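Student: 3D, please:
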Amino acid sequence: MALGVRRAQESMSYQPIEAHGVIGDMHTVALVASDGTIDWCCLPRFDSPSVFGSLLDDRKGGFCRLAPTAETRVRQIYLPDSNVLLTRFLNHEGVSEVIDFMPVSRAAGGPTEKHARQIVRIARTVRGELPFRFECRPAFNYARTPHHITLRGHAALLTAESDKIYVGGNTELRIEGDGVVTDFNLTAGKSAAFIIRYENDHIDSTAEPRQTPDELLSETLRFWRQWLAHSRYQGRWREMVARSALVLKLLTYQPTGAIVAAPTTSLPEAIGGVRNWDYRYTWIRDAAYSVYALMRLGFDEEAEAFTAFVQARARQEELSDDGPLNVLYSIAEPGNTEEITLDHLDGYRGSKPVRIGNGAARHFQLDIYGELTDSLYLANKYASPISWDMWEQIERMLNWLCRNWERPDRSIWEVRGPMQTFTYSRLQSWVALDRGIRMARQRSFPSDLGLWFRERDRIYRAIMKDCWSDSKRAFVQYPGSDALDASVLVMPMMRFIAPRDPRMQLTLDAAFRDLVSDTLVQRYQIGRAAEDGLPGLEGTFSVCSFWLVEAMARAGRLEESQLLFEKMLTYANPLGLFSEEIGLAGESLGNFPQAFTHLGLISAAVNLNDLLDGGVSGEDGWSCGRGARAAADRSD
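Tutor: Below you'll find the model as predicted:
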């Protein structure tokens, strides 16, 4: 539950990143701050230009606010088992609520007969009487395109070239500057509802059936609850795991099955810093983690849809010197990953530049081949067998990897300084060949197994010889380095090394010395690790904390692992949402909410729960929890 105080007639200002909930319809999302402001929404899809963007410029960015004008205390929750957000405003004169949601269309599996993207906002008073103000001030195309307003009583149309925002409600609107507003009082039992609907020249929402806001609310609640009921997880931390699953579903682009890394761009890794990136794309790196987490929870349909998305991208690429895969992809065509800066925007609390697009799309990153192949291996084994055509692409990819795994790259952290032969990239190159060998043997596919076995074993020996430091008593970031990197914590999860192997145990101890503060984990030490080409500092990476929890649980350090996990959950915002990073004072940093972090939470929770329930470990230390679904096991 989000807590706070809202001041009377408070001027527009930046809300903390963690003071937000998120609603969506599997095409896009809206961020709703605890003061009743929608300060981020891109329409009609995740990677479209923003319509409400005051999160990145509180003067020019555009917003939609619905809240009492009196000073109130604020509480924010989700309605149970849903992505419907409830913001409560409380003072001595009364208690009011605002319900925010986006109806889900039939095309996305929902009940609503609609095609236009729309946000529904319902205000009501449950005790006493409070004065309200509704204010809608869009700023189209990242605040680059002006708009004009046509007013018709209780409705308005705000038009910017071919894009339109329809605003309708049951109170009369008036034009005020570049937006529409209305002021009204609500007494106990009374309500006011507003619909904010996106339209363009290709969408005629006038032909769609009209439903009341209460009907849309009932349908939307029913959709989310029926979807979540498919979860098979009944272990500890069920509420947090369920919230993470609901976040992943929100971040799914239904037409293609793609999962965006986060629905925002340019939320900074340090306030005032330059480490600000656009995460509204799908990273190949997320593939294996997504398939694994979704299958563990029982959401096979989503796992298969995402697998189909990455398979299609693997098939469409031509072989080049830098490999057959891109690091990241647009959620659908047409898409544009070219990185540019929006210099007219101030950035979140002055954190410039604001970027759209992501230059990492053109990076050379070898680790993606392991993550892709692992996801295909899991899908082949536990979902739909891969086709012969897909196998031909895998075979071509792995033959290329055999020739190229020794090259330096930018790896998982996408450094923009000099490339290195990163340990994590070698690990994932080993994973790619190992999973390829397993698939070839399971399905009797033709392949150059001799070459794959030889190169897989060469990689293993290279990691053990060159990436292990006797002086640090740990696996290091790259050969010759004395810096640790949190990415090596996934070695046991990738089945590269036994969790209780002495080298892994020593690496865990070294991580606590160099990277861990309480339960927060740095990805590496800036200044000691490979130069990342950027000035300034950053927060700790939330997903690295969940990797640490899982590595320790698998290593048999259960009591310590459980305490770390419980403490890490306190860094979620009150709604159970995580950003990419955590700052020194526990504040959220980076894009929000982040899929990778919630994937790590699911994996850590499921495996820790299995072990606490009496899961056993073989001689090599592999976790084999009672009742764990076969999809959790990456072995043959």
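Student: so the nearest residue to R174 once chain neighbours are set aside bridges to which residues?
Tutor: Setting aside the residues directly before and after it, R174 is nearest to V181 in space (Cβ to Cβ, 6 or more residues apart in numbering), at 6.2 Å. Any C-beta I mention is one placed from the backbone N, CA and C, and that applies to glycine too. Beta-bridge partners recorded for V181 (DSSP bridges): E135, R174.
Student: which ones are touching V181?
Tutor: Residues in contact with V181 (Cβ atoms under 8 Å, 6 or more residues apart in numbering) are R133, F134, E135, C136, L173, R174.
Student: go on, F299?
Tutor: H230, S231, A245, K249.
Student: pretty sure the first one contacts G298?
Tutor: Pointing back at H230 there. Yes: using Cβ atoms under 8 Å, H230 makes contact with G298 at a distance of 5.6 Å.
Student: counting neighbours, go ahead and name the busier of the two.
Tutor: Per other Cβ atoms under 10 Å, whichever of H230 and G298 has more neighbours is G298, with 17 against 13.
Student: what sits against the more buried one?
Tutor: Contact analysis of G298 by Cβ under 8 Å, 6+ apart lists H230, S231, R232, Y233, R629.
Student: now, which of those sits nearest E559?
Tutor: For the contacts of G298, the closest approach to E559 (Cβ to Cβ) belongs to Y233, at 22.4 Å.
Student: how many residues are close by that closest one?
Tutor: Other residues lying near Y233 total 18 when counted by other Cβ under 10 Å.
Student: coming back round to it: and which of the contacts of V181 is nearest to S387?
Tutor: Nearest to S387 among these: C136, at 48.6 Å, using Cβ to Cβ.
Student: tell me the SS of the residue nearest to that closest one when sequence neighbours are not counted?
Tutor: Among residues not flanking C136 along the chain, C64 sits closest, at 4.6 Å (Cβ to Cβ, 6+ apart). Classification of C64 by DSSP: H, G, I helix; E, B strand; the rest coil places it in strand.
Student: can you offset everything so residue one is 850?
Tutor: Renumbered: residue one is now 850, and that last one reads C913.
Student: quick check, distance from the helix or strand N1034 falls within to the centre of its chain.
Tutor: Assigned by DSSP states H and E, N1034 belongs to strand 1028-1036. How far strand 1028-1036 lies from its chain's middle: 35 Å, per Cα atoms, centre = their mean, to the nearest Å.
Student: just to revisit the earlier point, now, the contacts of G1147 that are in helices?
Tutor: Using DSSP state H, no member of the contacts of G1147 falls within helices.
Student: mind putting these into CSV with pLDDT?
Tutor: Listed next are these as CSV, based on pLDDT from 0 to 100:
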residue, pLDDT
H1079, 96
S1080, 97
R1081, 95
Y1082, 96
R1478, 40
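Student: for Q1374, state which of those is nearest.
Tutor: Distances from Q1374 to the contacts of G1147, taken as Cβ to Cβ, are shortest for Y1082 (35.5 Å).
Student: related to what we said a few turns ago, distance of the residue nearest to C985 relative to L1066?
Tutor: 18 Å (Cβ to Cβ, to the nearest Å).
Student: the two: which is more packed in?
Tutor: Of the pair C913 and L1066, C913 is the one with more neighbours under other Cβ under 10 Å, namely 28 against 20.
Student: tell me how far D1350 lies from E1408.
Tutor: In terms of Cβ to Cβ, D1350 sits 21 Å off from E1408.
Student: which one of these two has more residues nearby?
Tutor: D1350 (16 against 9).
Student: now do the buried residues in the lengthiest helix in the chain.
Tutor: Ranked by residue count, the top helix of the chain under DSSP H comes out as helix 1272-1292. Judged by neighbour count (16 or more other Cβ atoms under 10 Å), helix 1272-1292 contains these buried residues: 1272-1289.
Student: just the mean pLDDT for that helix, thanks.
Tutor: Confidence for helix 1272-1292, expressed as mean pLDDT, is 98.
Student: the strand holding N1034: which residues count as buried?
Tutor: Residues G1028, V1029, T1031, L1035 are the ones in strand 1028-1036 that count as buried (16+ other Cβ under 10 Å).
Student: what are the pairing partners of the helix or strand following that strand, and which direction each?
Tutor: For strand 1028-1036, the following helix or strand on the C-terminal side (DSSP H and E) is strand 1040-1049. The partner list of strand 1040-1049 in its sheet, established with DSSP bridges, is strand 967-986 (antiparallel), strand 1012-1018 (antiparallel).
Student: could I get those strands in CSV, plus columns for distance to A919?
Tutor: Putting the strands paired with strand 1040-1049 into CSV (distance: least, Cβ to Cβ, whole Å) gives the following:
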stretch, distance to A919
strand 967-986, 6
strand 1012-1018, 20
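Student: what's the closest of those to A1332?
Tutor: In terms of Cβ to Cβ, the element of the strands paired with strand 1040-1049 nearest to A1332 is strand 967-986, at 45.7 Å.
Student: tell me how far that closest one is from the chain's mean position?
Tutor: What separates the centre of strand 967-986 from the centre of its chain is 29 Å, taken as Cα atoms, centre = their mean.
Student: list the buried ones in that strand?
Tutor: Neighbour counts over strand 967-986 (16+ other Cβ under 10 Å) mark 967-974, 979, 981, 983-986 as buried.
Student: please apply the same query to stretch 942-956.
Tutor: 942-954.
Student: go through stretch 1318-1332 and flag the buried ones.
Tutor: Within stretch 1318-1332, the residues that count as buried by 16+ other Cβ under 10 Å are S1318, K1321, A1323, F1324, V1325, Q1326, Y1327, P1328, S1330, A1332.
Student: quick check: closest non-adjacent residue to the fifth one.
Tutor: Across the structure, with Cβ to Cβ, 6+ apart as the measure, the residue nearest V1325 apart from its sequence neighbours is S1318 (4.7 Å).
Student: tell me the SS of the closest residue to A1323 other than its chain neighbours?
Tutor: Spatial nearest neighbour of A1323, excluding adjacent residues (Cβ to Cβ, 6+ apart): A1359 at 3.6 Å. Secondary structure, three-state DSSP: A1359 is helix.
Student: ok so, going back, out of the contacts of F1148, which one sits closest to P1341?
Tutor: Distance to P1341 across the contacts of F1148 (Cβ to Cβ) is lowest for A1094, with 24.0 Å.
Student: where does the chain have low pLDDT?
Tutor: In the predicted model, the chain carries pLDDT under 70 at residues 850-861, 955-964, 1050-1058, 1165-1169, 1465-1485.
Student: do a quick rundown of the helices in it.
Tutor: For the chain, the helices defined by DSSP H cover 989-992, 1062-1077, 1087-1099, 1135-1146, 1149-1165, 1216-1231, 1237-1253, 1272-1292, 1298-1315, 1351-1363, 1391-1403, 1407-1418, 1444-1461.
Student: dump those helices into JSON lines; add distance to R922 as well.
Tutor: Listed next are the helices of the chain as JSON lines, based on distance: least, Cβ to Cβ, whole Å:
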{"stretch": "helix 989-992", "distance to R922": "32"}
{"stretch": "helix 1062-1077", "distance to R922": "24"}
{"stretch": "helix 1087-1099", "distance to R922": "23"}
{"stretch": "helix 1135-1146", "distance to R922": "35"}
{"stretch": "helix 1149-1165", "distance to R922": "38"}
{"stretch": "helix 1216-1231", "distance to R922": "45"}
{"stretch": "helix 1237-1253", "distance to R922": "55"}
{"stretch": "helix 1272-1292", "distance to R922": "46"}
{"stretch": "helix 1298-1315", "distance to R922": "54"}
{"stretch": "helix 1351-1363", "distance to R922": "40"}
{"stretch": "helix 1391-1403", "distance to R922": "28"}
{"stretch": "helix 1407-1418", "distance to R922": "24"}
{"stretch": "helix 1444-1461", "distance to R922": "29"}
